[in-house]
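[1] here is my input, please return the structure:
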Amino acid sequence: MKAVLHTGSALAWAADLGRPWPLLPVGNRPWIEYWLEWCVEQEIRSVQIILGDGAWAVEQYLGDGARWGLTIGYSFVRDETQPAAYLRRDPARWREGLCFLAEPLFPRRGADYARDPLPAGSFAGPGFVCSRDPAFLDAFLATGSTAGATPLPATAIQPAPLASLADYYDLNMSLVRGEMARYVAPGYASADGAYLGLNVVYPPSARLNPPVMIGDHVRLRGLCTIGPAAVLGNRIIVDRQADVRDSVILDGTYLGAGIEVH
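    So this is what the prediction gives:
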């Protein structure tokens, strides 16, 4: 089975966040990494990434896929209005099985999630198709029809759309409040819900109120308060007496002395 992840669509809500949306941090890890880890769990080893805006940054970050034990290839989007157009160039290539991500979806893991390969069958939902059935795939490529497919079982991922900045924020808040335990966690985790990255420096007077996620190379100054429900990215400075809670702070941000971010 092969996977095709379409990342070429432009997202208006993510345009001002300073990076291609596949690299936006979700729980302090790039969005697309969650899909690659799912591919590994499904014993998929060949992944094709369809690129659009931000192509260079995405390819530089993912490389050849060796970090995940994958082989990653790249193509450029030609017709953004028809995400499956790339698949139709060579239908025979997918006859042994295909998982196709056509929209910006997050592979959400429910409380009953099991790290097992999907059962036999064809599965589809908005923006997502996964099947090993050549007849189903032929029909899908020819007409776009997903007739005969079923929703993914409750023990599998549940692809969730991120259609707005509010969706993105809500997902990060769900992860920091406990859902992150279902995924590969960033940095170091403690039992009380604090996730700390590498080289986090803070004085004794700084207060961490879990649940919190703090990325790599972060500096916290005296009397600042982080959390609850704060996600801080990498290379962040939080100055004296700043107060951050219920917030997502992206990489490279300086939060000035006394600022309140709620």
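
[2] could you identify the helix or strand that succeeds the worst-scoring helix or strand of the chain on mean pLDDT?
    Within the chain, confidence by mean pLDDT, DSSP states H and E is lowest for strand 188-189 among all helices and strands, at a mean of 86. Downstream of strand 188-189, the first helix or strand assigned by DSSP states H and E is strand 194-196.

[3] tell me what that following strand is packed against?
    Under the contact definition 3 or more CB pairs under 8 Å, 6 or more residues apart in numbering; DSSP states H and E, strand 194-196 sits against strand 188-189, strand 212-214. C-beta here means a position set from N, CA and C on the backbone, and glycine is covered the same way.

[4] which one of those strands is the most hemmed in?
    For the helices and strands packed on strand 194-196, average neighbour numbers computed from mean count of other CB atoms under 10 Å are highest in strand 212-214, which has a mean of 26.

[5] what's the following helix or strand after that strand?
    Along the chain past strand 212-214, the next helix or strand (assigned with DSSP H and E) turns out to be strand 219-220.

[6] in TSV: the helices and strands packed on strand 194-196, plus distance to P119.
    Formatted as TSV, these follow (distance: least, CB to CB, whole Å):
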stretch	distance to P119
strand 188-189	31
strand 212-214	33
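
[7] ranges for the helices of the protein?
    Counting by DSSP state H, residue ranges of the helices within the chain are 31-41, 55-62, 85-88, 134-143, 165-176.

[8] show me what contacts L152?
    L152 is in contact with 118, 123, 125, 130, 158-159, counting by CB atoms under 8 Å, 6 or more residues apart in numbering.

[9] most surrounded residue in those residues?
    When those are compared by neighbour count (other CB atoms under 10 Å), C130 ends up highest, at 24 neighbours.

[10] circling back: can you tell me the strand partners of the least confident helix or strand of the chain and which way each runs?
    Paired neighbours of strand 188-189 in the sheet (DSSP bridges): strand 194-196 (antiparallel).

[11] before we move on, back to that, let's have the helices of the chain in a markdown table, adding distance to A194.
    As requested, these are exported to a markdown table (distance: least, CB to CB, whole Å):
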| stretch | distance to A194 |
| --- | --- |
| helix 31-41 | 21 |
| helix 55-62 | 26 |
| helix 85-88 | 42 |
| helix 134-143 | 45 |
| helix 165-176 | 10 |
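
[12] give me whichever of these is most buried.
    Stretch with highest mean neighbour count among the helices of the chain: helix 31-41 (a mean of 20; mean count of other CB under 10 Å).

[13] that helix vs helix 165-176, what angle?
    In terms of direction (axes from the mean of the first three to the mean of the last three CA atoms, to 10 degrees), helix 31-41 departs from helix 165-176 by 60 degrees.

[14] ok, E33 to D16 distance?
    According to CB to CB, to the nearest Å, E33 stands 22 Å off from D16.

[15] next one: V248
    Distance from V248 to D16, by CB to CB: 14 Å.

[16] more neighbours, the two?
    Counting neighbours by other CB under 10 Å for V248 and for D16 shows that V248 has the greater number, 24 against 7.

[17] hey, what's that one bridged with?
    V231.

[18] contact partners for it?
    Contacts of V248 by CB under 8 Å, 6+ apart are 168-169, 172-173, 231.

[19] how about 6 Å then?
    V248 makes contact with 169, 172, 231 under the criterion CB atoms under 6 Å, 6 or more residues apart in numbering.

[20] those into JSON lines, with extra columns for distance to P151 and pLDDT?
    Formatted as JSON lines, these follow (distance: CB to CB, whole Å; pLDDT from 0 to 100):
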{"residue": "Y169", "distance to P151": "26", "pLDDT": "98"}
{"residue": "N172", "distance to P151": "25", "pLDDT": "98"}
{"residue": "V231", "distance to P151": "30", "pLDDT": "98"}
